[in-house]
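# the following block contains a protein sequence and its predicted model.
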Amino acid sequence: MAETQWFEKEEFWNNYGPIMFDAARWAEAPNVAEHVCRIAGLSKGAKILDAGCGPGRISVELALLGLDVTGVDLIQSELDAAAESATDEGVDLELIRADLRTFKTETKYDCAINLYTSFGYCDTMEEDVQILKSIYDSVKEGGFFILENLSREIAIKDFTEGEWFERAGKTVLTDFGVVGAWEGLRSRWILIDNETGERIEHEFVQRLYSAVELKRIMLGIGFKSVEIYGDFDFSPYNQNARTMVVVARK
């Protein structure tokens, strides 16, 4: 049996989730949801798959816009948080616990999304590609897939060796390094509880894809068109790009 990878462990998300999904990330969610609808031309009642939905940050906002939302995630505590948020906002979400590498669905969605740098963490590139294939299979003909992720180019442009900050009652220390010939970004996060002094740390590597490389992979899977932007507003993917937004159409 294969060893459990770090992103499959609920303990990691319980400790690091509040650090990753801070108030600023929640505050930007309505705007991101509106951009998703605009990019894919979605109207009320459209079916959308949030692949790697986490605590439902974007799923809930999409549901508030009248979309029929299915959220898929591997971690039950994240799905529970998404369900709680949906209840608080008075919207319905279909939430499925599944591994995106093996996820299968009879439903064909108008759009699928994978946002906030949630891709590239598997042990092998083949597993990464399998996630893209699973998402491709879930989208109907003519449907969209929107992927927002850290690219190799952005990682190089914005590289820093580390920083520290206060968040969620903890002091957070980060240390970053390059793996191979910019094949991956190694991240080491140390959390120190400001009250108890308890210290935990975690290190992981994200595989880095260039925009051209990822476009080639997605076209190879079967997407008919793949466009790359520097943000959700269709701004150019150039030296001023904030992030990498991939818009693929089946």
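Happy to help now that I have it.

# got the contact list for stretch 127-145?
Contacts of stretch 127-145 from elsewhere in the structure, counted by CB atoms under 8 Å, 6 or more residues apart in numbering, are 39-40, 49, 51, 100-105, 107-114, 119-120, 122, 207, 217-218, 221-223, 246-250. Where C-beta positions appear, they are placed from N, C-alpha and C, glycine not excepted.

# just stretch 152-165 next, same as before
Against stretch 152-165 from outside (CB under 8 Å, 6+ apart): 171-178, 182, 185, 208-211, 213, 239, 241-244.

# tell me where this structure has helices.
Taking DSSP state H as the criterion, the chain carries its helices at 10-20, 23-27, 29-40, 57-64, 76-89, 125-138, 152-157, 211-221.

# can you find the helix or strand of the protein with the lowest average pLDDT?
Considering only helices and strands, the least confidently modelled element of the chain by mean pLDDT, DSSP states H and E is helix 10-20, at a mean of 69.

# how's the protein carved up into domains?
Following automatic domain parsing, one gets these domains for the chain: 6-151+209-249, 154-205.

# format those domains as TSV; extra columns: mean neighbour count.
As requested, the domains of the chain are arranged in TSV below (neighbours: other CB atoms under 10 Å):
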stretch	mean neighbour count
domain 6-151+209-249	18
domain 154-205	14
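
# for the residue most central in space within the chain, which non-adjacent residue is closest in space?
Ranked by distance to the mean C-alpha position of the chain (CA atoms, centre = their mean), the top residue is residue 118 at 2.9 Å. Spatially, and ignoring its direct neighbours in sequence, residue 118 is nearest to residue 52 (4.2 Å; CB to CB, 6 or more residues apart in numbering).

# can you pull the pLDDT of the one you found?
Taken from the predicted model, the pLDDT recorded for residue 52 is 95.

# that one is in contact with residue 100, isn't it?
Yes. The criterion here is CB atoms under 8 Å, and residue 52 meets it with residue 100 at 6.4 Å.

# overlap in contacts of these two?
Contact criterion CB under 8 Å, 6+ apart; residues shared by residue 52 and residue 100: residue 72.

# any idea how far residue 179 is from residue 65?
Relative to residue 179, residue 65 is positioned 39 Å away (criterion: CB to CB, to the nearest Å).

# ditto for residue 229
Distance check for residue 229 against residue 179: by CB to CB, it reads 26 Å.

# tell me what residue 144 is bridged to.
Here residue 144 shows beta-bridge partners residue 111, residue 249, assigned using DSSP bridges.

# thinking again about what came up before, what residues are up against the residue nearest to the centre of the chain?
With contacts taken as CB under 8 Å, 6+ apart, residue 118 has the following neighbours: 52, 54, 149.

# turn those residues into a markdown table, including distance to residue 34.
As requested, the contacts of residue 118 are exported to a markdown table (distance: CB to CB, whole Å):
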| residue | distance to residue 34 |
| --- | --- |
| 52 | 20 |
| 54 | 19 |
| 149 | 20 |
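
# out of these, list just those in strands.
Using DSSP state E, the members of these that fall in strands are residue 149.

# and the closest residue to residue 18 other than its chain neighbours, how far is that from residue 141?
The shortest distance from residue 18 to any residue that is not its chain neighbour, by CB to CB, 6+ apart, is 4.2 Å, and that residue is residue 168. Between residue 168 and residue 141 the distance, using CB to CB, works out to 43 Å.

# can you check residue 18 too?
Computed as CB to CB, the residue 18 to residue 141 distance reads 40 Å.
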